[in-house]
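Engineer: predicted model and sequence below, questions to follow.
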Amino acid sequence: MKKNSKRHQKNKKTVFDTKPSTLSDAIKKLKDINKTKFDETLDVAVVLNKEKSKGEGLCRGYSKLPHGTGKKIKIGVFASGDKIDEAKKAGADVVGSDDLIKKVKEGKIKFDIAISTPEMMKNLGTLGEKLGPLGIMPNPKTGTVVEDVSKAIKDIKEGQVQFRSEKGGIVHAGVGKMSFSDENLVSNIKVLLDAINKSKPDAIKGKFINKIFLSPSMGPSIKITL
């Protein structure tokens, strides 16, 4: 079994066994532990009330974080005609039609998130096995199947993040860098949690969010009070 580093074990002892904290207190505690040599991402894990529903795919959506993620995202756009020029002018990193579909089939995926025009979606069915496991298959629910390509690109560059529940009904998302101010991190987290709550299926009764945990990308987690 792989052993955690001494730094990780020390940090875990510092925060893991403490009582649930408020968002502000949790962020302060995580910033006080030993720091790495790079600017870590602050990750949130949201455990949902899945009841009798399957945890995987229980909720799906997107949220525009007011202070961004601090991460540079490479955007790929499937489009045709005038939409290709529109996507390029808006700052997309990779743009194409059938040529881009061919590259993805060959495993040449040089983007972190994919956008498609509604017209192109009929041609993307064969890309599910390539983009699906990466969680970047264009989908209307995640705001990535759009007619207004320019706006979608702008929103993503300004901090729009996608979310979806995995097995066990857990949503994972990066909500900013540890160098962000405490206030900005709290604001980003609250906006994300609000979006997750709004994605609650009608079949789920009562509260939708059961537990929340925060953790740096290389550190231990701490539970948040609801």
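Structural biologist: Received the coordinates, thanks. Numbering: from 1, shown residues only.
Engineer: low pLDDT regions in this protein?
Structural biologist: 1-19, 34, 51-57 (pLDDT under 70).
Engineer: how about the helices of it, start to end?
Structural biologist: 6-15, 23-32, 82-90, 98-105, 128-131, 149-157, 182-198 (DSSP state H).
Engineer: would you turn those helices into a markdown table with distance to residue 219 and mean neighbour count?
Structural biologist: The way it works is simple: take the backbone N, C-alpha and C, and place the C-beta from them, glycine included. Formatted as a markdown table, these follow (distance: least, C-beta to C-beta, whole Å; neighbours: other C-beta atoms under 10 Å):
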| stretch | distance to residue 219 | mean neighbour count |
| --- | --- | --- |
| helix 6-15 | 5 | 15 |
| helix 23-32 | 7 | 18 |
| helix 82-90 | 36 | 17 |
| helix 98-105 | 34 | 15 |
| helix 128-131 | 30 | 14 |
| helix 149-157 | 27 | 19 |
| helix 182-198 | 14 | 18 |
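Engineer: residue 144 and residue 135 touch, don't they?
Structural biologist: No - with contact defined as C-beta atoms under 8 Å, residue 144 does not count as touching residue 135 (10.9 Å).
Engineer: which residues are common contacts for these two?
Structural biologist: Taking C-beta atoms under 8 Å, 6 or more residues apart in numbering as the criterion, residue 144 and residue 135 both touch residue 162.
Engineer: okay, these two: which has more neighbours?
Structural biologist: Applying other C-beta atoms under 10 Å to residue 144 and residue 135 shows that residue 144 carries more neighbours, namely 22 against 14.
Engineer: residues contacting that one?
Structural biologist: Going by C-beta under 8 Å, 6+ apart, the list of residues near residue 144 reads 62, 113, 114, 115, 116, 138, 152, 162.
Engineer: grab the most central residue of this protein for me.
Structural biologist: Geometric centre of the chain, nearest residue: residue 173, 4.0 Å, by C-alpha atoms, centre = their mean.
Engineer: not counting residues beside it along the chain, what's closest to that residue?
Structural biologist: residue 163 (5.1 Å; C-beta to C-beta, 6 or more residues apart in numbering).
Engineer: according to the record, where do the domains of the protein fall?
Structural biologist: Annotated domains of the chain cover 19-69+160-224, 75-157 [automatic domain parsing].
Engineer: what is the linear distance spanned by the shortest one between its boundary residues?
Structural biologist: One end of domain 75-157 sits 9 Å from the other (C-alpha to C-alpha, to the nearest Å).
Engineer: strands along the protein, start to end?
Structural biologist: Using DSSP state E, the strands found in the chain span residues 41-48, 60-64, 75-78, 94-96, 113-116, 160-166, 170-177, 209-216, 222-224.
Engineer: run the chain-centre distance for the last one.
Structural biologist: Read that as strand 222-224. Relative to its chain's centre, strand 222-224 lies at 19 Å (C-alpha atoms, centre = their mean, to the nearest Å).
Engineer: list of residues touching that strand?
Structural biologist: Residues contacting strand 222-224 (C-beta under 8 Å, 6+ apart): 15-16, 18, 20-23, 26, 29-30, 211-215.
Engineer: hmm, back to that, OK, contacts around the residue nearest to residue 173?
Structural biologist: Residue 163 neighbours (C-beta under 8 Å, 6+ apart): 59, 60, 61, 62, 63, 171, 172, 173, 192, 195, 196, 199.
Engineer: give me the beta-bridge partners of the fifth one?
Structural biologist: Beta bridges link residue 63 to residue 161 when assigned by DSSP bridges.
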